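K.L.:
predicted model, plus sequence, below.
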Amino acid sequence: MKIAIIGAAGKAGTHLLREAILRKLDVTAILKNAATLSVENVSNIEKNLFDLTKGDLVPFDIIINAFAPLPGEEHLHISAGHHLISLLGGTSKKLFVIGCSGCLFVDEKKTKRLMEEEEYPKDLLASSKAQLQNLRNFEKSSIHWTYVIPSAMFDSEGPRTGHYMKGEEHMLVNSQFNSYISYADFAVAMLDEIEKSEHHNTCFTVVSENVTAAS
């Protein structure tokens with residue numbers, strides 16, 4: 001199994017890359033500038049996501065989209081999704097996408113998403129709306145995909161515990177009643193899914209204990 005990580009120099013991408021290397025998986029980083037890669041001795045393709053071709057992705061079985069647009073460019077989530085759908089159509093390759101907690105439902109009847117709550121941060125709203133549209137586009141597509149949604153508190157500094165709980169489209173909380181996941185444990189969950197392949201053309205979410213807050 002060969003894995004490509006788009007946006008491998010970003011926060012989420014770096015954790016995914018390190019987790020893949022830890023598991024001794026065959027992984028390649030795809031990024032705009034190879035000089036920004038913080039992980040040494042890893043294969044890489046220095047190319048903008050939007051310049052990728054079908055030929056670039058031929059060697060890979062799994063493509064992870066960890067691309068994170070800059071503030072004000074949230075619409076690029078949708079553009080990136082369209083581009084990857086066009087590249088992967090008619091292939092057996094599988095796309096894994098990092099979603100946004102704003103897409104999670106907060107009620108059992110699935111009538112309200114987290115982004116619709118009054119206290120949801122306004123600076124995250126544009127990204128959440130774009131990511132929801134991205135998800136809807138995947139649902140209409142013919143490609144193979146899995147959309148992995150982090151908890152509301154997505155902690156780039158949190159440790160790797162290797163433990164988490166999974167759900168589907170509803171926001172989960174831990175024993176502290178917090179919707180929390182570290183980037184490191186999110187990477188564990190995504191790589192576990194890649195190896196086990198339990199979610200096909202659907203989304204799931206993960207939550208873990210905040211061991212830093214508990215100590």
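P.N.:
Received, thanks.

K.L.:
hey, C-alpha coordinates of the least confident helix or strand in the chain by mean pLDDT in PDB?
P.N.:
Using mean pLDDT, DSSP states H and E, the weakest-scoring helix or strand in the chain turns out to be helix 211-214, at a mean of 74. Taking C-alpha atoms only, helix 211-214 is exported to PDB below (Å, rounded to 0.1, in the frame of the first residue of the first chain):
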ATOM      1  CA  VAL A 211      -4.600  14.100  29.200                       C
ATOM      2  CA  THR A 212      -2.800  17.400  29.500                       C
ATOM      3  CA  ALA A 213      -5.900  19.000  31.100                       C
ATOM      4  CA  ALA A 214      -6.400  16.000  33.400                       C
END
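
K.L.:
look up how far Glu108 lies from Lys93.
P.N.:
Using C-beta to C-beta, to the nearest Å, we find Lys93 at a distance of 35 Å from Glu108. Every C-beta, even on glycine, is put in place using the N, C-alpha and C of the backbone.

K.L.:
next: Lys166.
P.N.:
For Lys166, the distance to Glu108 equals 18 Å [C-beta to C-beta].

K.L.:
longest helix in the chain, by residue count?
P.N.:
When the chain is parsed with DSSP state H, its longest helix is helix 125-140.

K.L.:
for that helix, what is the average pLDDT?
P.N.:
Averaging pLDDT along helix 125-140 yields 96.

K.L.:
and the helices in the protein, which stretches?
P.N.:
So, for the chain - with DSSP H - the helices run 11-22, 54-57, 76-88, 125-140, 183-196, 211-214.

K.L.:
go ahead and name everything in contact with the least confident helix or strand of the chain.
P.N.:
Residues outside helix 211-214 that contact it (C-beta atoms under 8 Å, 6 or more residues apart in numbering): Asp155, Glu157, Gly158, Pro159, Thr161, Gln176, Asn178.

K.L.:
report the buried residues of the longest helix of the chain.
P.N.:
Residues of helix 125-140 classed as buried: Ala126, Ser127, Ser128, Lys129, Ala130, Gln131, Leu132, Asn134, Leu135, Asn137, Phe138 (neighbour count, 16 or more other C-beta atoms under 10 Å).

K.L.:
quick one, it and helix 76-88 angle?
P.N.:
20 degrees (axes from the mean of the first three to the mean of the last three C-alpha atoms, to 10 degrees).

K.L.:
dump the helices of the chain into TSV; add distance to Leu104 as well.
P.N.:
Formatted as TSV, those follow (distance: least, C-beta to C-beta, whole Å):
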stretch	distance to Leu104
helix 11-22	17
helix 54-57	29
helix 76-88	16
helix 125-140	10
helix 183-196	14
helix 211-214	21
